[in-house]
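K.L.:
next comes the sequence, and after it the predicted model I'd like to discuss.
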Amino acid sequence: MVRRGGFLIWMVLLATLLAIANLPLPAARAVKAGVREFLAPLHALIARTSMHVREAASAIRGIGGLAAENRALQEEMLRLRLDMQSLQAAAAENAELRELAGFRQRAGQRTVAAEVIARESSGWWQSLRLDRGRLDGLRADLPVVTPDGIVGRITDVTDHTADVLLISDPSCRVSVRIPRTGSHGVLRGVGMRWDGQIVCRVDFLHPRHAVRPGDEVVTSGLGGVFPPNLPVGTVLSAQMDAAGLYRRADVLPRADLGRLRRAFVLTDEPLPPRRSSRR
């Protein structure tokens, strides 16, 4: 029965189409116009749906494009940031090298530039190793300095390396002076404090000379290792010793011993005189 009913429907539709096709032209136009009017809402719905689908697809493609563009911009920003950091590091290194070159001219004696290649593993504030040695004219007890201040003295050399005892080591002793008061004393290393700061201490200062925080400390030239008037550090605090016989002062070294990468070894050879140019 279902197949028969479907067959009858198709036959009715076919007869209707044949009847429309055989209608006179004015009647056929009227029928077609009616069909168009009947189907117009459906056509409009299909058109709007198609437009929304195209707009959605375009928006999805646009979102994908924006995401790709955003990733490209982030990558470019990262590259620019890395380039800027490299330029800043290069500028800082150039400034450091210019300062070292200027110090070499001011030192008045032959200096050997060296780089730090190792530190004492058990106490990095105690000693370090330089990449210059006996073949470069180095020997034990030569002073090691930077443009900021003294670093220490050489204790041992090989042909190509030199070990340096830092002024922050408790076994290091340096004869120093406080220019403002004229007081002389002996500087020794204290090591690293609880706050991570490397500190030295000056003992045997004159008890009647008032030492204040901020006073500059320089080498006195006594002791035969460091030339006079080299910068050492700045006074942090001062007090009398327990027996009241002398003053002592805690000193912050001028040289950044924790970040030291390059240094100079002062030899006992004077610089050759400069040749005067004649026109």
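P.N.:
Structure received.
K.L.:
what's the neighbour count on L257?
P.N.:
24 (other CB atoms under 10 Å). Using the backbone N, CA and C atoms, a C-beta is placed for each residue, glycine as well.
K.L.:
strands of the stretch 51-200 of the chain, start to end?
P.N.:
Per DSSP state E, counting those that start in this stretch, the stretch 51-200 of the chain carries strands over the ranges 109-119, 127-130, 143-145, 150-157, 162-166, 173-178, 183-192, 198-205.
K.L.:
which of the ones you listed sits closest to N70?
P.N.:
When the strands of the stretch 51-200 of the chain are compared by CB to CB, strand 109-119 sits nearest N70, at 43.7 Å.
K.L.:
so where's the protein uncertain?
P.N.:
Counting by pLDDT under 70, the ranges of the chain that qualify are 1-40, 42-45, 47, 50-67, 75, 78-108, 122, 124, 270-279.
K.L.:
try 50
P.N.:
Applying pLDDT under 50 to the chain picks out residues 2, 277, 279.
K.L.:
what about the helices in it?
P.N.:
Using DSSP state H, the helices found in the chain span residues 2-21, 25-107.
K.L.:
just to revisit the earlier point, dump the strands of the stretch 51-200 of the chain into TSV; add distance to T49 and mean neighbour count as well.
P.N.:
Converted to TSV, the strands of the stretch 51-200 of the chain look like this (distance: least, CB to CB, whole Å; neighbours: other CB atoms under 10 Å):
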stretch	distance to T49	mean neighbour count
strand 109-119	74	16
strand 127-130	78	22
strand 143-145	84	23
strand 150-157	81	22
strand 162-166	81	24
strand 173-178	90	23
strand 183-192	76	20
strand 198-205	77	21
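K.L.:
so which of those strands is nearest F264?
P.N.:
Ranking the strands of the stretch 51-200 of the chain by their distance to F264 (criterion: CB to CB) puts strand 109-119 first, at 4.4 Å.
K.L.:
helices or strands up against that closest one?
P.N.:
Here strand 109-119 touches helix 25-107, strand 127-130, strand 262-270, going by 3 or more CB pairs under 8 Å, 6 or more residues apart in numbering; DSSP states H and E.
K.L.:
residues contacting the closest residue to P170 other than its chain neighbours?
P.N.:
Counting by CB to CB, 6 or more residues apart in numbering, G189 is the residue found nearest to P170 once chain neighbours are left out, at 4.9 Å. Residues near G189 by CB atoms under 8 Å, 6 or more residues apart in numbering: 125-126, 166-172, 200-201.
K.L.:
now, of these, which are buried?
P.N.:
125-126, 166-169, 172, 200-201 (16 or more other CB atoms under 10 Å).
K.L.:
now, the most widely separated pair of these?
P.N.:
Among the buried ones among the contacts of G189, the pair separated by the greatest distance (CB to CB) is Q126 and R201, at 15.3 Å.
K.L.:
quick one on the thing from earlier: tell me what the residue nearest to P170 is bridged to.
P.N.:
Beta-bridge partners for G189, by DSSP bridges, are C200.
K.L.:
wait, what's in contact with G185?
P.N.:
175-178, 202-205, 246, 248-249.
K.L.:
hmm, try it at 10 Å
P.N.:
174-178, 201-206, 209, 211, 217, 220, 246-249, 251 (CB atoms under 10 Å, 6 or more residues apart in numbering).
K.L.:
could you report the neighbour count for the residue lying closest to L236 once chain neighbours are set aside?
P.N.:
Closest residue to L236 apart from its sequence neighbours, by CB to CB, 6+ apart: D250 at 4.5 Å. With neighbours defined by other CB under 10 Å, the count for D250 comes to 18.
K.L.:
tell me how far D250 lies from V174.
P.N.:
Going from D250 to V174 by CB to CB, to the nearest Å gives 15 Å.
K.L.:
same question for P227.
P.N.:
Distance from P227 to V174, by CB to CB: 12 Å.
K.L.:
cool, and A249?
P.N.:
Distance, A249 to V174, by CB to CB: 13 Å.
K.L.:
what touches both of those two?
P.N.:
Common contacts of A249 and V174 (CB under 10 Å, 6+ apart): 185, 187, 200, 202, 217.
K.L.:
tell me how far the last one lies from R119.
P.N.:
When you say that, I think you mean V217. Counting by CB to CB, the gap from V217 to R119 is 24 Å.
K.L.:
check the second one too.
P.N.:
The span separating L187 from R119 equals 21 Å under the rule CB to CB.
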